[in-house]
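Student: Generate coordinates for the sequence data below:
(one chain, ligands or ions: 1)
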Amino acid sequence: MRYSLFLVLCFAFSLNAKPITFYLSWYDDPTSTMTIQWISEESDIDDTLHLNKEDKWISQTGSHRSFSQYNIHQITLSQLTPNTTYSFRISDDEATYQFQTAPLTLETPLRFVVGGDVYLLKKLFRKMSEQVAELNPLFCALGGDLAYAFHHHSLRIHSDALRRWISFLSEWKKYMITKDQRVIPFLVTAGNHDLDRDHFELFFNLFAFPQKKLYRSINFGNYLNLLFLDTNHLDPIEGKQTAWLKQTLQNQTNIPYLFAIYHEAAYPSFYSYEGIIPEKIRTFWCPLFDQHQISGAFEHHNHTFKRTYPIKNQKLDPQGIIYFGDGCWGAAPRKTNEMWYLEKKGRKNNVYLVELTQEKSLIQAIDLSGKAFDEVSIKPR
Ligand SMILES: [Fe+2]
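Tutor: Residues are numbered from 1 along each chain as shown. Next up, the predicted model:
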């Protein structure tokens, strides 16, 4: 009797498979794909995603992997139409959400937000995230230290790292949704509080990177390239990654906007300029940024606001690259150092709103009240 009741309950539960949370991101062409992942209880093995395509609901089946007492489900939708809004439902959840693919060309302005050091203090994360959703970006690019699940310096993993990730991803889903139920996808790279060489399995279980490698190049049609780099969290700066960067930049000469996004800073505003990582970035990557005149670099990790003067060959130069930062989405802001390269700086939470048009890229620093308190325009390359 007790056994049959258990079976009935299990059956009822499996009929009502609902995700604990879900998140959308791009690992492939943002104009024609979308990767949807969701976390469920271990008992829920339903990998079905319902997609409304040309006014018809179709069901597609993804896959899942078990981790701890949860399942992490994953499906990559492909052959989608560029610049199109799709509705979707996950498993038995009745709620309908939307996502939008990126346009193939830059005919109308495209907005995205860049930020890092995201979910350290819940109150600040929520305040900033409300403003980000109001800005209605197509996506967010996150430069590492997302959930703070991993405490590198104390050589211990958060007592329950997965729980911390789930908390972050649940809050992200709650806040990163526009008024018309469009879920804002993210593109991520990792920081020192996300993984290191001895603890990376959880990160790669949660995110759908095709390989266990953080550096990658994502092209948006013919107008934008985002280079996500790894500041020595998994791969060294020098060697293979730098060779890849060199080759990738050589292949992107016709792209009008190209930004690099990574965690630790070449031109830090709080940490030491003489640090090993900043020095390595300046030695191995910045000469390539200079040579290929990238549109800008977004740096994080310092928990401040900064904008550098244009820099070339490690000197101030009006033809140089601006380094934006410095990772203060949801962390307590710190006091900045006085450095020769900092044109603007402040103890202030911030994210960057980038608006691309054919004429220019407008980069604005946004504070906790949603106000743009600093801006620069950058011409296409
Ligand atoms: Fe960091």
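
Student: tell me the average confidence for the one helix or strand Ile75 maps to?
Tutor: Per DSSP states H and E, Ile75 falls inside strand 70-77. Averaged across strand 70-77, pLDDT comes to 97.

Student: Kindly spell out which helices and strands sit in contact with that strand.
Tutor: The contact analysis (3 or more Cβ pairs under 8 Å, 6 or more residues apart in numbering; DSSP states H and E) places strand 70-77 against strand 34-41, strand 48-53, strand 56-61, strand 63-67. C-beta coordinates here come from the backbone N, C-alpha and C atoms, glycine included.

Student: Pairing partners for the shortest one, with directions?
Tutor: Strands flanking strand 63-67 in the sheet, each with its direction: strand 70-77 (antiparallel) (DSSP bridges).

Student: what does the partner strand contact?
Tutor: Applying Cβ atoms under 8 Å, 6 or more residues apart in numbering, the contact partners of strand 70-77 are 19-20, 27-28, 33-42, 44-45, 47, 49, 51, 60-66, 86, 162, 166, 205-206, 208.

Student: Check stretch 226-239 too.
Tutor: Under Cβ under 8 Å, 6+ apart, the answer for stretch 226-239 is 141, 144, 187-192, 194-197, 200, 212-218, 220, 241, 245, 248-249, 258-264, 277, 280-281, 283-285, 294, 301.

Student: distance between the ends of that stretch?
Tutor: Criterion Cα to Cα, to the nearest Å; first-to-last residue distance in stretch 226-239 is 21 Å.

Student: That stretch close to the ion?
Tutor: No: applying Cβ under 5 Å from the ion, one finds stretch 226-239 out of contact with the ion, separated by at least 8.9 Å.

Student: Counting neighbours, what do you get for whatever residue of the stretch 251-381 of the chain ends up closest to the ion?
Tutor: The stretch 251-381 of the chain approaches the ion most closely through His301 (3.8 Å), counting by Cβ to the ion. Per other Cβ atoms under 10 Å, the neighbour tally for His301 reads 29.

Student: Am I right that it is in a strand?
Tutor: No: read with DSSP: H, G, I helix; E, B strand; the rest coil, His301 is coil and lies in no strand.

Student: who in the stretch 1-150 of the chain is up against the ion?
Tutor: Close to the ion, as judged by Cβ under 5 Å from the ion, the stretch 1-150 of the chain has residues Asp145.

Student: Any regions of the stretch 1-150 of the chain where pLDDT drops low?
Tutor: Scanning the stretch 1-150 of the chain for pLDDT under 70 picks out 1-16.

Student: quick one: the helices in it?
Tutor: 2-15, 122-135 (DSSP state H, counting those that start in this stretch).

Student: follow-up on the earlier one: among the contacts of stretch 226-239, name the ones in strands.
Tutor: Members of these lying in strands (criterion: DSSP state E): Ala141, Leu187, Val188, Thr189, Arg216, Ser217, Ile218, Phe220, Leu258, Phe259, Ala260, Ile261.

Student: And for the last one, the neighbour number?
Tutor: Looking back up the chat, that one is Ile261. Other residues close to Ile261 by other Cβ under 10 Å number 25.

Student: Quick check: the nearest residue to Lys173 once chain neighbours are set aside vs Ile321, distance?
Tutor: Leaving aside its sequence neighbours, Lys173 sits nearest to Thr21 (Cβ to Cβ, 6 or more residues apart in numbering; 5.0 Å). The gap separating Thr21 from Ile321 is 37 Å, by Cβ to Cβ, to the nearest Å.

Student: which of these two has more neighbours?
Tutor: Ile321 (22 against 18).

Student: surely that one meets Phe298?
Tutor: No: applying Cβ atoms under 8 Å as the test, Ile321 and Phe298 come out as separate, 11.2 Å apart.

Student: Report the two of the ones in strands among the contacts of stretch 226-239 separated the most.
Tutor: Val188 and Leu258 (18.7 Å; Cβ to Cβ).

Student: I'd like to know which of the helices and strands packed on strand 70-77 is closest to Leu104.
Tutor: If we rank those by Cβ to Cβ, the stretch that ends up nearest is strand 34-41, at 15.0 Å.

Student: Can you give the distance from that closest one to the centre of its chain?
Tutor: Its chain's C-alpha centre and that of strand 34-41 lie 16 Å apart, by Cα atoms, centre = their mean, to the nearest Å.

Student: From the rest of the structure, what touches it?
Tutor: Residues contacting strand 34-41 (Cβ under 8 Å, 6+ apart): 17-28, 46, 49, 62, 64, 69-77, 80, 86, 88, 90-91, 99, 101, 166, 169, 185, 206-208.

Student: same deal with stretch 44-58?
Tutor: 13-14, 17-19, 36, 40, 59-64, 71, 73, 75, 77, 86-92.

Student: residues of it that come out buried?
Tutor: Asp44, Asp46, Asp47, Leu49, His50, Leu51, Lys53 (16 or more other Cβ atoms under 10 Å).

Student: Stretch 189-207 too?
Tutor: For stretch 189-207, by 16+ other Cβ under 10 Å, it's 189-196, 200, 202-207.
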